Structure formats: C-alpha cells, structure tokens
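A.B. asks: Coordinates only, no sequence provided:
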C-alpha cells in the first residue's frame, strides 16, 4: 500500500485514500507487462459519539473502490490526492493512471453522499501527456482546482516544441465538469536522473551503480502542489525547478482569477547553495505555509552533484526540512526557517537487497488556524556501517553482509536488531 491521503469534513468524519498493489515479481520486475494487481480506494471513519470531538474519526465505516489495475496491460493506479469541501460535504479524489504504453492519465471521482458512493472515474487530462501527481484544492465558492505535472509532445515528449510543466483544470459545478487541461507554466523539472550519467533515476551499488559514482534515491516527481488562500482569493502553486546551473530550487506562481492567468514564476526561498525539492503547501487563516527538503547545509554542495554527495561519491547527513510563509496570498514570502533539528542522509542503501536508496516523496504540511504541523521522512535513526569492500559511499547499513553483517532479507527480524533499516517518519509543530 502507499500514498495515503486524509481529509476531514468538519463533522468528525475522516476520509482516507490510498492505493494497494501486488507487483508481478519481487522489486517490480515482471518482464515488459508489469502485471500489477491492486486498486485505488477511499475509506470512511466516523466519530463514535457525534459531537464529542475526542472520538472523531475513530470508528471504521466503509471502504469504496474507485479504480482497479488491469492485469497484464501495464496499468498501474498511483499518486493519489483527496480533498473535502466543508461547505457541501463533497469528497473529491484524483490519481494518476500509468499505462504500459501511451499517455498517462489523471482520473477524478467525487462523492456527494459523504463517501457512501463515488462517481465513475473521469479523465481530466485529455490533450497532454506525462500526467502524474494531482493536487486538489477548493475555492471560496466550491470551485475545484487541480494541478499536476505534465508535458506536451506525445508519450515520449519528442514532438518539436514539447515542454514540461504544471497542468491545471478547474470546475465551477462542484466537480461535475472541468475546463480543458492545459499547461499553465512550463519549467525544467528538477529530477534525480540528471545526476546519474546514464539516465537512471536512482543509483547505488552494482548493478545499480551509475557512471557519476553518486548514490541517491529517485526524486522524479517534480509536479506542482497547490494551496487555495480563500482569504486573499488566490491559488498558489509551487514546484521544483532545475536552474540553468543544475541547482534545484522551489519556484511558485499564483492566480487571482481562478486559473485564467498566472503570475511569472519566482523563487520561493532563494538560496545560493543546496538543492530544494518536494514542496508542499497549505493555506489557513490568510496564511500560505510551505515546506520542502533542502540541502543548503551540504558542505560538499555543487549544482551538478546529487544531494549530500561529495565529488568522490561519499554521502553524508546534510538534508533538512525548511518552512516559509506568505501573508498576502502568495505574492511575497518571508525568510525561511529550518524545521528539523538534525540533518539526515537520504542516501542510505536500504532497498533492492541493500544496494540502492529509496526515500520517497513523503512530506506534508497541514494547518488549522495558527496550528501548523509538518511531517517528513527522516533517516536520523538509521545505523550505518563501513563497507569492507571500501566503496567509500557512506551509504551502507548495519546488518548488511556487505558491512560484515548477517542479515540477508528485510522480510525477517534480523535488521530489527541492527538499526540498518530504521527509516522513520518525524513531525514538528511550527509556530508562525
């Protein structure tokens, strides 16, 4: 299972969306068809005692299946998002439908009966390709706004003039119909494959080693994340962009007319050093809050090096989470602050038989009035170990035979005693 998303309706009901799947073989390798089975679902949790907020979301009610993978056809539903309109109680869900061939799609479904039933999936991404990572927000009159990463130029993006960027649609009838999908801002996505030397999106030990000698997890979802600041009448969109030097920086745009026009892209928290990626936004009480991963503390930083890698490919703990906010609908942003109290090494080789890293895009921020909470993936508890083969990447973990350990699988309790797979989720409250 993966990509959990949650939203409340203001009446004590919690709606929980996610996906689950069984891959064709271990690590997802099953020839050219990728025979995945699984589905997209939304579960409902209600209060045990309505009116007693201490019991909100504590009673399981139901799970509704929205879509299922088609076995043998390379179909894979992933990258979910969920939003609830507190005024109407409508529930809106969107996700990416990845295909074995052709253009990926963004599908949308809604519930108007508090999660009892959902509409048939509606394709909202017609006319563009490379669609993934939808982000849903609700406007002041119930408008539904959705943005995601996309490109033009066909499934392989080879047509002349093809561009990458942020796609956008809007609905003014509570999700019954949507405007035509279009890319509203184009940019060069900051993605991990620029650091491999061979196009790979993640690099580690052989056979996952790359020509550059760097070790890093994939961060190839460079899509936008949206926030609707209804106090100021704006929708703000943030995304990770590869600057001409190769540095990754968070940029943002905003619209004050429901997406008809957008401001010029600008840096949200400019930094002369370090890479920034995976931005997340939320709006509450006239404030837009943003968090992201940031490697400005990397003493070995260079724009052409993967985060937390030295020139020789030695990794280190240099990644932090940072926060910034806007009090004018996203027009201007205050100076960013560091949220984490300990930097993390995102490059530990904990997956693929302890040969390659995986860090995921699991970071978020939520707000209710002046209460702001951030959640992120953190490796501070991971126990590393020297590699006897002396590859000197600083990314090997305790318990792995490569470091003299005896753990040969993550499916038993061996690593529990070494700390080598101790990748965790951390959170923090942020004071505006």
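C.D. replies: Structure's in. What do you need? Just so you know, these numbers come straight off a predicted model, no measurement behind them.
A.B. asks: The most centrally placed residue in the chain: which element?
C.D. replies: Among the residues of the chain, residue 361 comes closest to the average C-alpha position under Cα atoms, centre = their mean, at 3.9 Å. Under DSSP states H and E, no helix or strand contains residue 361.
A.B. asks: Enumerate every residue touching it.
C.D. replies: 219, 221, 278 (Cβ atoms under 8 Å, 6 or more residues apart in numbering). Glycine gets a C-beta too; all of them are placed from N, C-alpha and C.
A.B. asks: What sits closest to the first one if chain neighbours are left out?
C.D. replies: Closest residue in space to residue 219, ignoring its immediate chain neighbours: residue 192 at 4.8 Å, by Cβ to Cβ, 6 or more residues apart in numbering.
A.B. asks: do you know how far the one you found is from residue 361?
C.D. replies: Remark: distance between residue 192 and residue 361 (Cβ to Cβ, to the nearest Å) = 11 Å.
A.B. asks: Equivalent analysis for residue 414, please.
C.D. replies: Where residue 361 is concerned, residue 414 sits at a distance of 28 Å (Cβ to Cβ).
A.B. asks: how about the strands in the stretch 51-200 of the chain?
C.D. replies: Per DSSP state E, counting those that start in this stretch, the stretch 51-200 of the chain carries strands over the ranges 59-68, 76-84, 91-98, 105-111, 122-123, 129-138, 144-151, 164-171, 182-186.
A.B. asks: Would you single out the least confident of these?
C.D. replies: The minimum mean pLDDT among the strands of the stretch 51-200 of the chain belongs to strand 76-84 (a mean of 90).
A.B. asks: Between strand 144-151 and that one, find me the angle.
C.D. replies: Angle, strand 76-84 to strand 144-151, by axes from the mean of the first three to the mean of the last three Cα atoms, to 10 degrees: 150 degrees.
A.B. asks: Does anything pack onto strand 76-84? Which helices or strands?
C.D. replies: Contact analysis of strand 76-84 by 3 or more Cβ pairs under 8 Å, 6 or more residues apart in numbering; DSSP states H and E lists strand 2-8, strand 14-22, strand 37-46, strand 91-98, strand 129-138 as its packing neighbours.
A.B. asks: Note down every partner strand of it and its orientation.
C.D. replies: Note on strand 76-84: by DSSP bridges, its sheet partners are strand 91-98 (antiparallel).
A.B. asks: can you give me the helices in the stretch 151-300 of the chain?
C.D. replies: Taking DSSP state H, counting those that start in this stretch as the criterion, the stretch 151-300 of the chain carries no helices.
A.B. asks: Give me the below-cutoff pLDDT ranges for it.
C.D. replies: 155-158 (pLDDT under 70).
A.B. asks: now residue 131: how far from residue 200?
C.D. replies: 23 Å.
A.B. asks: Could you check which of those two is surrounded by more residues?
C.D. replies: residue 131 (26 against 19; other Cβ atoms under 10 Å).
A.B. asks: my guess is the more buried one meets residue 146, correct?
C.D. replies: No - checked against Cβ atoms under 8 Å, the pair residue 131 and residue 146 is beyond contact range at 10.9 Å.
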